[in-house]
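Novice: coords please:
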Amino acid sequence: MFPGKKSPWNFTLNLSKFLQAKMNVLIFRFLPFHTSRVYLRFLGRIYYGFRKKEQSLIKGTLKYIFGKEYTPRTLKILYTKTFRGIIDHYHEKLFIAYSNFPQLMKFFINRISLSGEDEFKACLDNGQGIILVTAHYGAVEALPGALAARGYPVTMILRFQTERLKKSLVERAETMDLHLVDLDEGNVFFTAVNALKQGRILITECDEFDAWRTSKQYPVSFFGHAMDGDKTLEILRKRSGASVATALMQRMGNKRYNMKLTTLITDQSDKRSVGKAALEVLEESIKESPEHWYQWKDFGEKLEQISRNENNEKLSEYIDRETVDSVSL
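Specialist: Predicted coordinates for the structure are as follows:
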């Protein structure tokens, strides 16, 4: 749930840092939405042109999951849509952090619709905090702003890739009831519990596999693979007594989005696993729109780890056979 702290000397040029270079930040202050998206997709082709292994891992994981039900042609289309979705995520991140702020507020209200809001709002009105579980899916970067712009009290704990990004997002959050908490500052777990006890919405992600604090006590299954679940979500709910809901931001096209709210657990007597329930919702959404999820690389690495532990080389075979031609974006 909360990624571990990283050494300041551990620097790698990943996709996030590549796309958030200072020049790109300046460009996003002036380019229109659609033009800046085309520009970022061009940079994405350059990045994946050099990162062949990363590209291969994503394609191989998609083929491993969907290869039996998709034709080769449909798989190829899925590859293109998935890489576009990955880049679009970073486009949305930069747009939200650096575009004209008054226009951004209009975007939150006019371009993002909410479904499942009545039950969600009723739960919050009862004075309970809500653990709002989301994922690296669709336009997740717009999730906290879209809720806060509608008057919802939101807290989100996150790691900022750059100080420039942190400064911009914090300044924007201060105009709304949106608290952004830096993962690298203080005890974030107690911050999260206190926010929930104050009746706030705490947004967290359930699919950061490398950050899970795993426990055999909370087994989960994801795309047919049994794993030890993340105990942090379970402890957080137990300590706070909060309700649990999920939120996934679906891209609808034409600069329109839908936030799908699903209220899962509202009663203390409900002993369901938070992680298990949230992953079930996420898996169903991914099956419907796999290109909206951009955690295929990390999931591929998780599957490789599982394969090694089980002496199963099946995934590696898919990745080794996968071509690494230029990404079509």
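Novice: What segments of the stretch 1-150 of the chain are strands?
Specialist: In the stretch 1-150 of the chain, the strands defined using DSSP state E, counting those that start in this stretch lie at 112-115, 130-134.
Novice: And the last one, what does it pack against?
Specialist: This means strand 130-134. Applying 3 or more Cβ pairs under 8 Å, 6 or more residues apart in numbering; DSSP states H and E, we find strand 130-134 packed against helix 117-125, strand 201-205, helix 231-240, strand 243-253, helix 274-288. Every C-beta, even on glycine, is put in place using the N, C-alpha and C of the backbone.
Novice: Please name the residues that touch the spatially closest residue to Val133 that is not a sequence neighbour.
Specialist: The shortest distance from Val133 to any non-neighbouring residue, by Cβ to Cβ, 6 or more residues apart in numbering, is to Ala278 (4.1 Å). Listed by Cβ atoms under 8 Å, 6 or more residues apart in numbering, the contact partners of Ala278 are 133, 135, 206, 233, 244, 246, 264.
Novice: any idea how far the nearest residue to the fourth one once chain neighbours are set aside lies from Ile65?
Specialist: So the one you mean is Leu233. Counting by Cβ to Cβ, 6+ apart, Val274 is the residue found nearest to Leu233 once chain neighbours are left out, at 4.2 Å. Distance from Val274 to Ile65, counting by Cβ to Cβ, to the nearest Å: 24 Å.
Novice: Neighbour count for the two, which is higher?
Specialist: Between Val274 and Ile65, counting by other Cβ atoms under 10 Å, Val274 is the more crowded of the two (28 against 22).
Novice: Please tell me the pLDDT value assigned to that one.
Specialist: pLDDT for Val274: 94.
Novice: That one: what's it in contact with?
Specialist: For Val274, the contact set (Cβ under 8 Å, 6+ apart) comprises 131, 133, 233-234, 236-237, 244, 264-265.
Novice: ok, it to Gly241 distance?
Specialist: Val274 is 13 Å from Gly241, by Cβ to Cβ.
Novice: Please apply the same query to Ser115.
Specialist: Note on Ser115: its distance to Gly241, by Cβ to Cβ, is 26 Å.
Novice: what bits of the stretch 201-329 of the chain have low per-residue confidence?
Specialist: Residue ranges of the stretch 201-329 of the chain with pLDDT under 70: 310-329.
Novice: with the contacts of Val274 in mind, which one is nearest to Gly85?
Specialist: Taking Cβ to Cβ as the measure, Gly85 sits nearest to Val133 out of the contacts of Val274, at 20.0 Å.
Novice: OK, contacts around the closest one?
Specialist: Shown in contact with Val133 (Cβ under 8 Å, 6+ apart): 204-206, 233, 244-247, 274, 278.
Novice: That one bridge partners, please.
Specialist: Thr204, Thr246 (DSSP bridges).
Novice: which of the residues in stretch 264-284 are buried?
Specialist: 264-266, 273-283 (16 or more other Cβ atoms under 10 Å).
Novice: Report the separation between the residue nearest to the spatial centre of the chain and Thr71.
Specialist: Residue closest to the average C-alpha location in the chain (Cα atoms, centre = their mean): His136, at 1.9 Å. Per Cβ to Cβ, His136 is found 27 Å from Thr71.
Novice: same deal with Gly145?
Specialist: Taken as Cβ to Cβ, the span from Gly145 to Thr71 is 39 Å.
Novice: For those two, work out which one has more neighbours and name it.
Specialist: Neighbours per residue (other Cβ under 10 Å) separate Gly145 from Thr71, with Gly145 holding more: 22 against 9.
Novice: Ser307: how many residues sit nearby?
Specialist: 17.
Novice: Ok, Asn187 next?
Specialist: Other residues near Asn187 number 8, with proximity taken as other Cβ under 10 Å.
Novice: Tell me both backbone torsions, phi and psi, for it.
Specialist: With angles defined as degrees, to the nearest 10, Asn187 sits at phi -90, psi 100.
Novice: can you check Asn126 too?
Specialist: phi -80, psi 0.
Novice: now do Asp207
Specialist: In terms of degrees, to the nearest 10, the main-chain angles of Asp207 are phi -120, psi 30.
Novice: looking at the helices and strands packed on strand 130-134, which is closest to Leu15?
Specialist: Closest approach to Leu15 among the helices and strands packed on strand 130-134 (Cβ to Cβ): strand 201-205, 17.2 Å.
Novice: returning to what we had before: winner for burial among the strands of the stretch 1-150 of the chain?
Specialist: Stretch with highest mean neighbour count among the strands of the stretch 1-150 of the chain: strand 130-134 (a mean of 26; mean count of other Cβ atoms under 10 Å).
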